[in-house]
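Enquirer: Pasting a predicted model and its sequence here:
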Amino acid sequence: MSTEIPLDELEEWYLKSLQTRFKKQHKLLTKLFSNAEREMAEARTSLRTWTQRTLANEEEPLDPKNQSIMERFIDNVVETLESVKIPTVHVDITYENSMNFIDGIKKVYGIYNNQGKKSIPRFGKAYKIEIKEIDMHLRKMGNISAKVNKYMLKNYQDGKNAEGLLKKIPLLNNNIERLGTTKSKIEALDQEKIQMSDKLKEMEESLFNLSKDPDLQNLERIETLEQSKSTQLSDSLKFKKAFKKLLKGLEKGSIRAREMRPDQIKAYIKSPVTNIINDGPKIPQLRQILIKTRLMLEDEHDPLKLKSDLRERIIENINQIVSENSLEENIKEIIQIRDEKAECKKILEKKGLEQKRNELKDKIATLTIDFEHFENDLNRRKREFKELLEKVGNDRNELQKMVCEETFEDIKLKVMIPN
């Protein structure tokens, strides 16, 4: 039967299991580390007594400068010794802590040797015995460190591997916490989405009720007709590519034409319908531009450099507009529709409906865009939550399997996702 272990209790349980499994190895390492601790304590004590010793007969004290150099040297070595963490407690004996101990001893040697090269010659003659004593303690610590290193490499690789999976526990915990945070955030966003959706439906219903007004319905009919006629007018204009070439030539100066300005051509390219309606049914300004454009197209050198089939289609379109007045009827219809629209708007303005309608439409358009962005963000968060949930499940199963293999016990790892 499986033993159920909550994730927050796994590390303590697992460490106890490893202590039992590697009891023999820990016992030998404990002895080595106890020896290291004793040598280190004696080394610190020895160093601290250097400045307190009694001078022998006829022995000259160090001058202030050399005394200061010695004191700094002692302080640095003692400080480095005190920074070495010795895992003497059974639960602290791990591969990582043992390697940290070895690195700490290396650091002590580095400080002692590097600073000693410059400092010891300044006071060494007077402190030969003390230096021999500290050298002895450091040598013993070095020997212990070498034994620990050799033992770990030869006899503790299984322990190293077993202890390695402990690093997976905080990673799994972190992802579980992320799951809880993400879940709470998604729940809050779901509520916000409902509120936005309700608000949008409310505004759309208000617009629908508003649109039942007969004058407003008439305005919508007029606007639809205006859009249809404007599209019809736009579709009958085939000279846009010629105008683009013409504009480019005028701006570069490669084409010269009297009473033809780049801003005029640009206006007809950007908003052809608006500028044609403003020009009127007889389109005097556009007519003059089209006539000059046709002359260029009919020139054998063709400064606009268009393909022959396209040039012929544009010339035909210009002939229809200039010679047959093909746009006049369409323009008159649009002008009449716009006059009718203006009258209808005056009526709606008196009733206050036009402003309400426009405000509602603007609000609906803005909220619709916001809602789409919000929904996309929410869906992204839900995808991330699903992916993270799957990862947590896989990581939990992998950790459970590894713990079973290392402890030779059948366990079930219990994971709880916080609300």
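Expert: It's in. Residues are numbered from 1 along each chain as shown.

Enquirer: quick one: low-confidence ranges for the stretch 151-300 of the chain?
Expert: The stretch 151-300 of the chain contains no residues with pLDDT under 70.

Enquirer: could you pull out the strands for it?
Expert: Per DSSP state E, counting those that start in this stretch, the stretch 151-300 of the chain carries no strands over any range.

Enquirer: ranges for the helices of it?
Expert: 157-164, 168-210, 214-235, 240-252, 262-270, 272-279, 284-298 (DSSP state H, counting those that start in this stretch).

Enquirer: ok, the closest residue to residue 48 other than its chain neighbours - contacts?
Expert: Nearest residue to residue 48, sequence neighbours excluded (CB to CB, 6 or more residues apart in numbering): residue 78, at 6.7 Å. Where you see a C-beta, it was placed from the backbone N, CA and C, and this is true even at glycine. By CB atoms under 8 Å, 6 or more residues apart in numbering, residue 78 lies in contact with 44, 47, 48.

Enquirer: Quick check: phi and psi at the last one.
Expert: Think residue 48. phi -70, psi -20 (degrees, to the nearest 10).

Enquirer: wait, isn't it in contact with residue 74?
Expert: Yes: assessed by CB atoms under 8 Å, residue 48 is found in contact with residue 74 at 7.2 Å.

Enquirer: So those two - more neighbours on which side?
Expert: residue 74 (19 against 12; other CB atoms under 10 Å).

Enquirer: And that one, what's its pLDDT?
Expert: Residue 74 carries a pLDDT value of 92.

Enquirer: Report the separation between the residue nearest to residue 48 and residue 322.
Expert: Here residue 78 is placed at a distance of 103 Å from residue 322 (CB to CB, to the nearest Å).

Enquirer: Residue 27 now?
Expert: For residue 27 relative to residue 322 (CB to CB), the value is 108 Å.

Enquirer: These two: who's more crowded?
Expert: More crowded of residue 27 and residue 322, by other CB under 10 Å: residue 322, with 18 against 11.

Enquirer: correct me, but that one touches residue 293?
Expert: No: Residue 322 is not in contact with residue 293 according to CB under 8 Å; the separation is 9.9 Å.

Enquirer: tell me how far stretch 29-49 is from the chain's mean position?
Expert: Stretch 29-49 has its C-alpha centroid displaced from the chain centroid by 50 Å (CA atoms, centre = their mean, to the nearest Å).

Enquirer: Which residues does that stretch contact?
Expert: With CB under 8 Å, 6+ apart, stretch 29-49 has contacts from 74, 77-78, 81-82, 84, 86-88, 90, 93, 98, 101, 105, 130, 133-134, 137-138, 140-141, 144-145, 147-148, 151.

Enquirer: For stretch 319-332, list every residue counted as buried.
Expert: 321, 322, 327, 330, 331 (16 or more other CB atoms under 10 Å).

Enquirer: So which of the helices of the stretch 151-300 of the chain is nearest residue 395?
Expert: helix 168-210 (5.2 Å; CB to CB).

Enquirer: Tell me what angle that closest one forms with helix 214-235.
Expert: 110 degrees (axes from the mean of the first three to the mean of the last three CA atoms, to 10 degrees).

Enquirer: So which elements touch helix 168-210?
Expert: helix 7-21, helix 353-407 (3 or more CB pairs under 8 Å, 6 or more residues apart in numbering; DSSP states H and E).

Enquirer: Can I get the ones you listed in CSV including distance to residue 415, mean pLDDT and mean neighbour count?
Expert: Shown next, in CSV, are these (distance: least, CB to CB, whole Å; pLDDT from 0 to 100; neighbours: other CB atoms under 10 Å):
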stretch, distance to residue 415, mean pLDDT, mean neighbour count
helix 7-21, 5, 90, 15
helix 353-407, 5, 93, 14
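
Enquirer: Same list, the ones you listed, but as JSON lines with distance to residue 316 please.
Expert: Output for the helices and strands packed on helix 168-210, formatted as JSON lines (distance: least, CB to CB, whole Å):
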{"stretch": "helix 7-21", "distance to residue 316": "80"}
{"stretch": "helix 353-407", "distance to residue 316": "41"}
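
Enquirer: between these, which one is nearest to residue 168?
Expert: That would be helix 353-407 among the helices and strands packed on helix 168-210, by CB to CB, at 5.3 Å.

Enquirer: got the angle between the closest one and helix 7-21?
Expert: Angle, helix 353-407 to helix 7-21, by the same axes, to 10 degrees: 20 degrees.

Enquirer: Partner strands of the helix or strand just after helix 353-407 and their direction?
Expert: Remark: after helix 353-407, the chain's next helix or strand is strand 411-414, criterion DSSP states H and E. When sheet partners are counted by DSSP bridges, strand 411-414 sits next to strand 3-6 (parallel).

Enquirer: So for the strand it pairs with, mean pLDDT?
Expert: For strand 3-6, mean pLDDT rounds to 91.

Enquirer: Pull out the buried positions in that strand.
Expert: Buried residues in strand 3-6, counted by 16+ other CB under 10 Å: residue 5.

Enquirer: Name the surrounding residues that touch it.
Expert: In contact with strand 3-6 (CB under 8 Å, 6+ apart) are residues 13, 409, 410, 411, 412, 413, 414, 416.

Enquirer: one more time with 7 Å
Expert: 13, 409, 410, 411, 412, 413, 414 (CB atoms under 7 Å, 6 or more residues apart in numbering).
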